[in-house]
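Provided below for reference: sequence and predicted model.
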Amino acid sequence: MRRGALALLLALAAGCSRRAPGPDRLLLHRTAEGVPPRAGALATGGEGRPALLRSASFDVRLPSRALLTFGMGVAFTGNPEDAPGWYRLKVRAGDQVLLEHTLNPRAAHGWRDFSVPLERLGRGARLGFEIRLTDRDGADVAWPPGLLLGVSDPTVHDVDDYGKAKGIVLVSIDTLRRDHVGAYGYAPPTTPRLDSLAREGVFCEDAVSTSSWTLPAHLSMLTSVDPGAHGGVDMRHGFNRRVPTLAALLHQAGFATHAVTSHLYVSAVYGLDDGFDHLDFHQDRKATDIANRAVDVLDRIGDRPFFLFLHFYDPHWHYEPPENTRKIFDTSYTGTITGRLQDFSHRDRKSVSPADLAHLVALYDGEIRYVDDELGRVFDHVRARGLDRGTLVLVTSDHGEEFLEHGSWEHQKTLYEEVVRIPLLFRGPGVAPRRDSAETSLLDVAPTLLTWAGVPVPAPMQGRSLLARGADREAYGETDHTVDGTHKLFLRAGARRWKAILSLDREGASVRGEEWYDLSVDPGESRSVRPPPATTDAMRRVALDRWKAARRRGAGAPAVNLSPEQRERLRALGYVSP
């Protein structure tokens, strides 16, 4: 919660209960007894909100399609495991019970949000919130010092208002290969919902990431600058905050800005919270949780300008899809290999049978389908609330994944097509469906969304808006997470043109190795063939100039000091400090 927001709410709490246009925040009302509600700030799970802290009732005028949103939260100054009792909330409209829910204060981490339709209550109601602390059997117990039970920002919305303002939903599906998406020609049914989106909007046929791992790619997605310029090029450094972010620019333009993410690299630890009213991060959360939280956020902010960023992590190793989606792709495997990184990452082509490899790919596809199904629930909610009238949805990925195409597993170590080509597609009001064959970059995401929102694109951003067709140009990317300690960078002139991969020494002072691929005849990059000297000299110069220029701009990126637990989690996931 931004500083002063709670003070403003409490200062206005003496206001009357007359219905005004827009969402009706009940903490601005007097209670049914004519006194200000007992309210204050309550922070849980890293998010502070204004909250009702004691039972109260409010007389409220209701729109014809009223929707009540609120959250339940617990804060305790002592050891959370010592928090007593059970938090029981009952919400009433007169004598009618609308909702009952119980939270265990010892296990409650973060807000538990609810949406309650009020359409059958007529034009007015007395809404009551009964907050109790009880024992296991439901008998009231005394509240100890340091324990807060709260109902966060209870608000009555008019569903008819959803979709009147501009909204943006940006979705990043971590580790999603372009060629495992149906719209890009993949035969197994991994992405029926994304395929529909591709048909209804702009479908970028040749999109390329700026890196082959999570941190630099996501920072480039949100800043539209090359990795060196934002500073997040290895696990020891985070965002330098020297360039504007998409979220910060939309926030300044009056948008509510929220994010739900599932990896440490996409969290406040590395500076990716810049510009967000709140970034809700939990390591390795599943797609179902992301979708549930997305629905909750949309209900809370969908009747005003908003930006919602969703980061789905499931296709990333370990490959452990739910059984219902695994069965779609993997029905006959009888071997012993599993989708755990430690179980397959040490194997080479000689020690992996075709059946083993097919099994791993099937598990990966099952994770993709799981995300697609859960993302479909978000799309369905956008439509059910009428948000599609004013909301642009853009889906992309940070990088792909390797399955031994060039002798490696996973990603981050190389810059071949299987890890740098990504899906990129979007639809929204005023966006005419089309296929865009030009080479596009992850750098283009932020300028596209800003342009659609009517927010000026600042000069430091290197990408361009994809709302109109653009001329061909080169795509650039890099990684410092290499096996031999080199810096690798690529320059690519398009899906049917030359691509260069350069390896620089540890100091970045000289080129230690070069690979050249004519993608028009060798899209799988099976054999390095040097092009004519004029081409090599020009592409090498451009690639090196971009690498050096970005690092000059991004000098002084802040160091990230990880806790032992965070470092161990990254080690378990296969990320190794350079």
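Nice, thanks for sending it over.

Double-check Ala355 against Gly335; I have them as touching.
Yes - taking Cβ atoms under 8 Å as the definition, Ala355 is a contact partner of Gly335 at 5.8 Å. Quick note: C-beta positions are derived from backbone N, CA and C, even for glycine.

Report how many residues lie close to Asp518.
Using other Cβ atoms under 10 Å, the number of residues around Asp518 comes to 18.

Could you pull up phi and psi at it?
In terms of degrees, to the nearest 10, the main-chain angles of Asp518 are phi -90, psi 100.

same question, Val529
As for Val529, its main-chain torsions (degrees, to the nearest 10) stand at phi -130, psi 120.

Distance check, Asp153 against Arg385.
Asp153 is 19 Å from Arg385, where distance means Cβ to Cβ, to the nearest Å.

Kindly report the same for Lys286.
With Cβ to Cβ as the criterion, Lys286 and Arg385 are 23 Å apart.

Would you agree Val171 falls within a strand?
Yes - following the definition DSSP: H, G, I helix; E, B strand; the rest coil, Val171 is counted among the residues of a strand.

Tell me if I'm right that it and Val393 touch.
Yes - if you go by Cβ under 8 Å, Val171 and Val393 touch, sitting 7.1 Å apart.

So Asp113 belongs to a helix, correct?
No - counting by three-state DSSP, one finds Asp113 to be strand, located in no helix.

now do the same end-to-end measure for stretch 450-460.
With Cα to Cα, to the nearest Å as the measure, the ends of stretch 450-460 fall 14 Å from one another.

Can you list the buried residues in the helix or strand hosting Ala247?
Assigned by DSSP states H and E, Ala247 belongs to helix 246-252. Residues of helix 246-252 classed as buried under the neighbour-count rule (16 or more other Cβ atoms under 10 Å) are 246-251.

Tell me how far it lies from the chain's centre.
On the basis of Cα atoms, centre = their mean, to the nearest Å, the separation between the geometric centre of helix 246-252 and that of its chain is 16 Å.

Packing partners of that helix?
If contacts are counted by 3 or more Cβ pairs under 8 Å, 6 or more residues apart in numbering; DSSP states H and E, helix 246-252 sits against helix 214-223, strand 256-261, strand 306-312, helix 445-453.

Could you rerun that using 10 Å?
With contacts defined as 3 or more Cβ pairs under 10 Å, 6 or more residues apart in numbering; DSSP states H and E, the packing partners of helix 246-252 are strand 167-173, helix 214-223, strand 256-261, strand 306-312, helix 445-453.

just to revisit the earlier point, which residues do Val171 and Val393 both contact?
197, 308, 375, 378-379, 425-426 (Cβ atoms under 10 Å, 6 or more residues apart in numbering).

Filter those down to the buried ones, ChimeraX style.
Provided next is the ChimeraX selection string for whichever of the shared contacts of Val171 and Val393 are buried by 16+ other Cβ under 10 Å:
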select :197,308,375,378,379,425,426
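
Asp195 contacts Gly182, doesn't it?
Yes - applying Cβ atoms under 10 Å as the test, Asp195 and Gly182 come out as touching, 4.3 Å apart.

Can you pull the residues that touch both of the two?
189, 372.

Quick check: the gap between the nearest residue to Glu119 once chain neighbours are set aside and Val159.
For Glu119, ignoring the flanking residues on the chain, the nearest one in space by Cβ to Cβ, 6 or more residues apart in numbering is Arg65 at 5.6 Å. The spacing between Arg65 and Val159, counted by Cβ to Cβ, is 4 Å.

picking that back up, so between Lys286 and Arg385, which is more surrounded?
Arg385 (22 against 19).

so what's that one up against?
Arg385 neighbours (Cβ under 10 Å, 6+ apart): 67, 115, 157, 159, 161-163, 295, 298-299, 302-303, 391.

Kindly report the same for Pro244.
Applying Cβ under 10 Å, 6+ apart, we find Pro244 in contact with 222-225, 252, 274-275, 446, 450, 457-461.

Looking at the residues you listed, which is nearest Val529?
Proximity to Val529 was ranked across the contacts of Pro244 by Cβ to Cβ; first place goes to Val225, at 31.9 Å.

Name the SS class of that closest one, please.
coil.

Let me see the confidence value for it.
At Val225 the predicted local confidence, pLDDT, stands at 97.

What is the burial count for it?
Counted with other Cβ under 10 Å, the neighbours of Val225 add up to 24.

All set now, cheers.
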